[in-house]
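Undergrad: how would this look folded up:
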Amino acid sequence: MKTTFLSLLALSAFATGTLSQSSSPPEESSTVCQNGICHVKTKNQIIVDHRAKIARIVASHSLTNVTRRGPYPKGFVKRAIAEVGITASQGKTLFSYHGEVQIGTPKQTFNVLFDSGSYQFWVQAAGIVGASSKGRKFDCSKSSTCKASTTAAPSIEYVDGTAVNGVFVQDDVTVAGLTVPGLKFEQATQQNAPPNNVTDLDGVMGMSFVTSAVWQQFWDQLTKRNMVDSQVFGYFIDETDSVGGITLGGVDANRFAGAIQWFPVVPIGKSGGGLVSSGSDVYAAWQAKMDGASVSGKSLNLGSSDINVVFDTGTSLAILPPTLASTLNTRLGLEMITNPGEEPSLFAMICPNGNQIPTNLPDISMSFGGHTFTITAQEYIFRLPANNGLIACVSGFAGQDISGGAAAPSNANLPNAIFGNVFLRRFYTAFDWKNKNIGLAYADRSKGLQPNLTVAQTGSGKATGSSGSSGNNAAGRSVSGGVGAVLVAVVAVVSGAVY
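TA: Below is the predicted model:
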């Protein structure tokens with residue numbers, strides 16, 4: 001398996017787990033439009049139960065006196081998107097969010113992961129070999145607009161051991177009424193995956209920066225063709241932790257309070273024959289430099305190296321360098337429940353007071369671009385059955401060296417942390433493609449809010465609040481599907497029910 005930077009992030013959120021099938025999925029609601037901007041519902045039946053894997057770790061340990069540490073199932077963190085938590089209200093937290101994509105003529109519909117941690121777009125092909133997925137398969141021969149080829153796509157290798165291989169094809173790809181004609185993507189003909197990685201995932205639609213000339217990316221093509229009102233997409237998860245949304249071409253103003261606080265994306269280096277000190281900036285991930293971190297207002301030592309954090313909609317937990325994860329979780333009063341040196345390292349405690357998340361656990365604050373963002377124990381703790389009938393409160397901050405031992409130039413800004421949905425669910429997250437900014441605002445996670453889709457007021461490429469704008473005038477443009485910005489509602493499965 002590759003250990004390079006790009007291969008690590010290529011699949012930082014691949015769904016694995018056991019199948020949970022809904023017996024009565026909800027009806028798809030009609031499109032709701034506001035001034036030419038439409039909120040389009042999708043419904044999907046997907047799988048996401050990785051909780052059993054973490055539960056086996058927790059159940060094999062005595063959290064009151066850690067003397068026995070059982071085997072740890074490797075690779076569940078990155079690309080192991082899953083149900084890994086519990087909320088006070090309904091007892092479940094689901095960290096896998098998928099929406100519908102249509103391909104071809106007539107349209108074939110697929111459930112895909114909208115992943116800010118990768119840029120490749122692939123779907124399973126009819127006749128795929130070795131796939132552990134039970135999802136739907138794309139058949140190029142049944143689409144009158146599909147252009148088949150025998151050109152092999154570069155292999156995509158994931159850190160959980162999954163590898164996807166296939167060939168490039170071209171066809172019309174539609175998300176919520178926005179169509180890119182003739183998009184080149186991978187039709188996966190072979191998938192090798194670890195045992196028991198059974199999923200209804202049909203594919204992955206990467207939303208990060210394209211670093212290879214042989215790939216085309218849906219969102220990149222939308223912006224190049226001037227098909228959206230602004231080069232911003234937004235992301236949220238509602239209070240049920242089972243439903244969320246992705247806004248293409250703007251933000252959902254009803255989903256956050258106050259201004260979006262913007263901070264710059266950190267390039268991985270410069271162009272010019274490698275990661276060198278000259279040339280133009282090279283962007284390969286939605287990553288930002290962490291300025292500082294604190295627990296209850298007391299600063300944490302971040303170490304001598306910069307902490308470059310990838311904001312990844314396709315990863316469940318928050319991954320920190322092992323030493324920093326240990327420092328943070330020790331400050332929280334949690335103990336490590338995995339073997340020393342084993343990665344990812346997990347930390348937990350027995351939940352007191354009727355198995356509830358302790359109310360005295362401190363807030364954790366992280367700063368980016370001069371802005372401080374705080375999450376509470378209700379976001380960073382999830383609960384799982386432990387030994388002796390007890391319930392473990394498990395930290396969402398795990399430790400792992402995501403460099404994979406790869407050598408990198410000393411002047412490269414490679415990521416060493418990933419913030420997935422355990423962090424992101426607290427916020428409305430906006431990704432500014434044009435200005436290379438990431439924005440966070442405290443989310444209104446209320447269930448069932450009507451959308452208010454607006455052009456994003458974005459930053460200027462420096463750490464800033466909500467000043468300036470990257471929006472384009474939509475007047476006079478030909479917009480496929482008749483809309484300039486849409487919200488794709490993404491849903492997830494919790495214990496066999498679709499919410």
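Undergrad: residue ranges for the helices of this protein, please.
TA: 5-10, 51-59, 218-224, 322-331, 377-380, 421-424 (DSSP state H).
Undergrad: where does the stretch 101-250 of the chain dip in pLDDT?
TA: Along the stretch 101-250 of the chain, segments meeting pLDDT under 70 span 132-133, 158-161, 194-200.
Undergrad: who are the neighbours in contact with N301?
TA: Shown in contact with N301 (C-beta atoms under 8 Å, 6 or more residues apart in numbering): T327. No exception for glycine: its C-beta is placed from N, CA and C like everyone else's.
Undergrad: Quickly note the distance from it to G269.
TA: Counting by C-beta to C-beta, to the nearest Å, the separation of N301 from G269 is 26 Å.
Undergrad: need the least confident one among the helices of the chain, by mean pLDDT.
TA: Mean pLDDT per stretch puts helix 5-10 lowest among these, at a mean of 27.
Undergrad: Looks like S316 contacts F423 (just checking).
TA: No: S316 is beyond contact range of F423, at 10.4 Å (criterion: C-beta atoms under 8 Å).
Undergrad: Sketch out the low-pLDDT regions of the stretch 301-450 of the chain for me.
TA: Within the stretch 301-450 of the chain, the stretches with pLDDT under 70 are 354, 404-411.
Undergrad: Tell me the pLDDT of T454.
TA: On the pLDDT scale, T454 is placed at 87.
Undergrad: Can you give me the distance of it to Y380?
TA: 30 Å.
Undergrad: and those two? which has more neighbours close in?
TA: Y380 (24 against 19; other C-beta atoms under 10 Å).
Undergrad: I'd say the more buried one and C393 touch.
TA: No: counting by C-beta under 8 Å, Y380 stays clear of C393, with 10.0 Å between them.
Undergrad: Now for L449, how many residues are close by?
TA: L449: 14 surrounding residues under other C-beta under 10 Å.
Undergrad: so who does it touch?
TA: By C-beta under 8 Å, 6+ apart, the residues touching L449 are D238, N254, R255.
Undergrad: and which of those residues is nearest Q221?
TA: Minimum separation from Q221 among the contacts of L449 (C-beta to C-beta) is found for R255, which lies at 25.7 Å.
Undergrad: give me every residue that touches the closest one.
TA: Neighbours of R255 in contact, by C-beta under 8 Å, 6+ apart: G234, F236, G245, Y428, A443, D444, R445, L449, P451.
Undergrad: any idea how far it is from S143?
TA: Distance, R255 to S143, by C-beta to C-beta: 35 Å.
Undergrad: just F209 next, same as before
TA: Distance, F209 to S143, by C-beta to C-beta: 29 Å.
Undergrad: Equivalent analysis for K224, please.
TA: Using C-beta to C-beta, K224 is found at 23 Å from S143.
Undergrad: again with T109
TA: Applying C-beta to C-beta, the value for T109 to S143 is 12 Å.
Undergrad: ditto for D171
TA: D171 is 6 Å from S143, by C-beta to C-beta.
Undergrad: what about these two, which has more around it?
TA: D171 (23 against 19).
Undergrad: thought that one was touching A148?
TA: No: between D171 and A148 there is no contact under C-beta under 8 Å: 9.4 Å.
Undergrad: Which neighbours do those two have in common?
TA: Common neighbours of D171 and A148, counting by C-beta under 8 Å, 6+ apart, are C140.
Undergrad: show me the biggest strand of the protein in terms of residues.
TA: Longest strand in the chain by number of residues (criterion: DSSP state E): strand 178-192.
Undergrad: List the strands paired with it, with their directions.
TA: In the sheet, strand 178-192 lines up against strand 121-129 (parallel), strand 163-175 (antiparallel) (DSSP bridges).
Undergrad: how about that strand: buried residues?
TA: Neighbour counts over strand 178-192 (16 or more other C-beta atoms under 10 Å) mark L178, T179, V180, L183, K184, F185, E186, Q187, A188, T189, Q191, N192 as buried.
Undergrad: Spit out the contact partners of A126.
TA: K137, F138, D139, S141.
Undergrad: Who wins on neighbours among these?
TA: Most crowded among the contacts of A126, counting by other C-beta under 10 Å, is F138 at 25 neighbours.
Undergrad: if we can go back for a sec, when S316 and F423 are compared, which one has more neighbours?
TA: Between S316 and F423, counted using other C-beta under 10 Å, S316 has the larger neighbour count: 33 against 25.
Undergrad: For P358, which non-adjacent residue is spatially closest?
TA: Nearest non-adjacent residue to P358, counting by C-beta to C-beta, 6 or more residues apart in numbering: P352, 5.9 Å away.
Undergrad: burial count for the one you found?
TA: Using other C-beta under 10 Å: P352 sits among 14 other residues.
Undergrad: Phi first, then psi, for it.
TA: phi -90, psi -180 (degrees, to the nearest 10).
Undergrad: wait, isn't it in contact with L361?
TA: No: assessed by C-beta under 8 Å, P352 is found out of contact with L361, at 10.4 Å.
Undergrad: can you pull out the strands in the stretch 351-499 of the chain?
TA: Ranges of strands in the stretch 351-499 of the chain, per DSSP state E, counting those that start in this stretch, are 364-368, 371-375, 381-385, 391-395, 397-399, 417-419, 427-432, 437-442, 453-454, 486-491, 493-494, 497-498.
Undergrad: May I see these organised as CSV, with distance to A259 added?
TA: Formatted as CSV, those follow (distance: least, C-beta to C-beta, whole Å):
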stretch, distance to A259
strand 364-368, 15
strand 371-375, 10
strand 381-385, 28
strand 391-395, 30
strand 397-399, 27
strand 417-419, 20
strand 427-432, 11
strand 437-442, 7
strand 453-454, 13
strand 486-491, 20
strand 493-494, 33
strand 497-498, 34
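Undergrad: Nearest to S296 among those strands would be which one?
TA: strand 364-368 (8.7 Å).
Undergrad: tell me what that closest one is packed against?
TA: If contacts are counted by 3 or more C-beta pairs under 8 Å, 6 or more residues apart in numbering; DSSP states H and E, strand 364-368 sits against strand 287-295, strand 371-375.
Undergrad: Name the residues of the first one that are buried.
TA: Which is strand 287-295. Those buried within strand 287-295 under the rule 16+ other C-beta under 10 Å are Q287, A288, K289, M290, D291, A293, S294, V295.
Undergrad: Can you list the strands that that strand pairs with?
TA: strand 298-299 (antiparallel), strand 307-311 (antiparallel), strand 364-368 (antiparallel).
Undergrad: mind checking which of those is nearest D229?
TA: The nearest among those, by C-beta to C-beta, is strand 307-311 at 22.2 Å.
Undergrad: Go ahead and name everything in contact with the closest one.
TA: Contacts of strand 307-311 (C-beta under 8 Å, 6+ apart): 9, 12, 116-117, 266, 285-290, 293, 320-321, 324, 366, 368, 413-419, 424, 429, 431, 438.
Undergrad: 6 Å instead?
TA: With contacts defined as C-beta atoms under 6 Å, 6 or more residues apart in numbering, strand 307-311 is touched by 266, 285-290, 413, 415-419, 438.
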